[in-house]
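[1] just coords:
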């Protein structure tokens, strides 16, 4: 595609002469003043704008402002007969990539246009890269379509552009750090650092130095000045995970930062003003900790400006198939093995499992399954016993021989019994799982004939399995 150039000059012979000189290599449009240029810029995109500085009405500086405010920004070159340094500096401050003095040297002009086009191309490529990175990281790992997850994401997108402090609550492994990263990527701070600190992993003294830095000689071993995580996150976002684990002294310093937007290094006395957004997370009940005197009430209120709650995986079971597919595909690619297939029976079992470790546990399960099976199919008989409802200690639960036992139904009170049909179904299912689908072995475990077992399986199609 031929690059397009807009020439703006109130001198007719100048603009027409430049148009004629550039017409062989560029699609050239001319304007006699700023108003004409504004109309043209609104009507179509240009790759390069070449404008005079001094013109009746609006000056060329206004054209720079107009051009660089457009969604598709052209590269701007400034022409002036008043080639003093102040003019050049002002034009460059406004965003011009270069300037020329009149009369214009055509060879130099063509060199500058080519340079401007390369600069513009690079800017577009960088912008596209940023957009792709934003798309990749903004919600990477936050997978699901459940109503509870959608509620969190919608609220996150709403508050991300603000400067508000955010408190993310939820059990371990629910993805609180992913939400914090998404907040950062969806905010105006996305080009600045995102700094994560896991507070529970550091001792009290080390955490204070890690967060706020220290001066040389402030304590034994402080042989040089150190910049802390808050300073490293200036103009960006700092994420404090497990905020409920910090000591009272650190709570005071953190409260001071939230009130003054300044920190002091350990051993220092000079406040350092910072522009840092704070996102905190906890798997503990901070309100209860406040009541118990273990967490400062004033700090809690400062942290709790916007509250997000990450639901546990057991409350968004409809997202489990999507997460399984995502992680299995990821680990299959990483390990160079064919994708693992999960049979419907195994999928149902995994969906009904409560996942106490949440997404972290599911992710580890997927990696283990991919590495150990290296392709093939995962059936419910391949799943560890922990993925099925636990029963009372007995031969089947311990993988031994003998009669099958059955767990009480979930939520049943002590002494509450299953119906005969429910009990028999549960026994059959446990026997078939124990026998890995082998009906002859399952009948032996049940103490019934194979014919009777066949009849029961035909009666209840959900138990229909074939011999292995």
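    Structure's in. What do you need? Everything numeric here is computed off the predicted structure, so don't read it as measured data.
[2] report the mean per-residue pLDDT for the helix or strand hosting residue 334.
    Assigned by DSSP states H and E, residue 334 falls within helix 320-335. What helix 320-335 shows for mean pLDDT is 90.
[3] mind giving me the packing neighbours of it?
    Applying 3 or more CB pairs under 8 Å, 6 or more residues apart in numbering; DSSP states H and E, one finds that helix 320-335 contacts helix 344-352, helix 358-373. The C-beta positions use only the backbone N, C-alpha and C, and glycine is treated the same way.
[4] just how off-centre is it within its chain?
    Put simply, helix 320-335 sits 17 Å off its chain's centre (CA atoms, centre = their mean, to the nearest Å).
[5] direction included, what does the helix or strand just after that helix pair against?
    Helices and strands here follow DSSP H and E; after helix 320-335, the next one along the chain is strand 341-342. Strand 341-342 sits in its sheet next to strand 377-378 (parallel), going by DSSP bridges.
[6] what ranges of the protein fall below the confidence cut-off?
    82-85, 123-141, 374-375, 389-423, 447, 462-468 (pLDDT under 70).
[7] quick one: the strands in it, in order.
    For the chain, applying DSSP state E gives strands covering 4-8, 27-31, 48-52, 75-80, 98-101, 166-169, 194-198, 237-241, 262-263, 272-273, 277-282, 306-309, 341-342, 377-378.
[8] so which of the helices and strands packed on helix 320-335 is the most surrounded?
    Counting by mean count of other CB atoms under 10 Å, helix 358-373 has the highest mean neighbour count of the helices and strands packed on helix 320-335, with a mean of 18.
[9] measure stretch 71-80 end to end?
    End-to-end distance for stretch 71-80, by CA to CA, to the nearest Å: 27 Å.
[10] so which bits of it are buried?
    Buried residues in stretch 71-80, counting neighbours by 16 or more other CB atoms under 10 Å, are found at 73-80.
[11] which residues sit against that stretch?
    For stretch 71-80, contacts defined as CB atoms under 8 Å, 6 or more residues apart in numbering pick out 6, 9, 45-54, 60, 63-64, 67-68, 87-88, 91, 95-102, 104, 109, 112-113, 116-117, 119-120, 123.
[12] give me the angle between the helix holding residue 334 and helix 358-373.
    Put simply, helix 320-335 runs at 50 degrees to helix 358-373, going by axes from the mean of the first three to the mean of the last three CA atoms, to 10 degrees.
[13] just to revisit the earlier point, could the helices and strands packed on helix 320-335 go into a markdown table alongside distance to residue 434?
    Shown next, in a markdown table, are those (distance: least, CB to CB, whole Å):
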| stretch | distance to residue 434 |
| --- | --- |
| helix 344-352 | 14 |
| helix 358-373 | 21 |
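[14] and of the ones you listed, who's closest to residue 337?
    Of all the helices and strands packed on helix 320-335, it is helix 358-373 that lies closest to residue 337, at 6.5 Å by CB to CB.
[15] out of the helices and strands packed on helix 320-335, nearest to residue 29?
    Per CB to CB, nearest to residue 29 of the helices and strands packed on helix 320-335: helix 358-373, 55.2 Å.
[16] related to what we said a few turns ago, most packed of the strands of the chain?
    strand 48-52 (a mean of 26).
[17] how far away from the center of its chain is that one?
    With CA atoms, centre = their mean, you get 41 Å for strand 48-52.
[18] for the remainder of this discussion, apply numbering that starts at 460.
    In the new numbering, first residue 460, that becomes strand 507-511.
[19] so what does it touch, helix or strand wise?
    The contact analysis (3+ CB pairs under 8 Å, 6+ apart) places strand 507-511 against strand 463-467, helix 493-502, helix 519-527, strand 534-539, helix 565-597.
[20] and for residue 734, the neighbour number?
    Counted with other CB atoms under 10 Å, the neighbours of residue 734 add up to 12.
[21] one step back: need the helices and strands packed on strand 507-511 in CSV (columns: distance to residue 910).
    Shown next, in CSV, are the helices and strands packed on strand 507-511 (distance: least, CB to CB, whole Å):
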stretch, distance to residue 910
strand 463-467, 84
helix 493-502, 84
helix 519-527, 84
strand 534-539, 85
helix 565-597, 58
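[22] which one of those lies nearest to residue 482?
    strand 463-467 (9.5 Å).
[23] from the buried residues of stretch 530-539, which is closest to residue 677?
    For the buried residues of stretch 530-539, the nearest to residue 677 is residue 532 (48.1 Å; CB to CB).
[24] from residue 580, how far out is the closest one?
    Residue 532 is 12 Å from residue 580, where distance means CB to CB, to the nearest Å.
[25] reformat the strands of the chain as a markdown table; add distance to residue 918.
    Compiled in a markdown table, the strands of the chain are given as follows (distance: least, CB to CB, whole Å):
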| stretch | distance to residue 918 |
| --- | --- |
| strand 463-467 | 77 |
| strand 486-490 | 79 |
| strand 507-511 | 80 |
| strand 534-539 | 77 |
| strand 557-560 | 85 |
| strand 625-628 | 47 |
| strand 653-657 | 54 |
| strand 696-700 | 52 |
| strand 721-722 | 71 |
| strand 731-732 | 75 |
| strand 736-741 | 51 |
| strand 765-768 | 45 |
| strand 800-801 | 27 |
| strand 836-837 | 27 |
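[26] which one of those lies closest to residue 759?
    For the strands of the chain, the distance to residue 759 is smallest for strand 625-628, at 8.5 Å, taking CB to CB.
[27] what pairs with the closest one, parallel or antiparallel?
    Take DSSP bridges as the rule and strand 625-628 pairs in its sheet with strand 736-741 (parallel), strand 765-768 (parallel).
[28] with distance to residue 784 added, can I get these in CSV?
    As requested, the strands paired with strand 625-628 are exported to CSV (distance: least, CB to CB, whole Å):
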stretch, distance to residue 784
strand 736-741, 27
strand 765-768, 25
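[29] between the ones you listed, which gets nearest to residue 610?
    Of those, nearest to residue 610 by CB to CB is strand 765-768, at 8.9 Å.
[30] and of the strands of the chain, who's closest to residue 675?
    Closest to residue 675 of these, according to CB to CB: strand 731-732, at 15.6 Å.
[31] what's that closest one packed up against?
    Counting by 3+ CB pairs under 8 Å, 6+ apart, strand 731-732 packs on strand 721-722.
[32] what does the strand it packs on rub up against?
    By CB under 8 Å, 6+ apart, the list of residues contacting strand 721-722 from outside reads 670-672, 687, 689-690, 712, 715-716, 730-733.
[33] what do you get for stretch 800-810?
    By CB under 8 Å, 6+ apart, stretch 800-810 touches 776, 779-780, 783, 787, 835-839, 841-842, 846-847.
[34] now do the same contact list for the nearest residue to residue 711 once chain neighbours are set aside.
    Nearest residue to residue 711, sequence neighbours excluded (CB to CB, 6 or more residues apart in numbering): residue 755, at 7.5 Å. Contacts for residue 755 were tallied using CB under 8 Å, 6+ apart; they are 707, 710-711, 714, 749.
[35] please consider this matter closed, and thank you.
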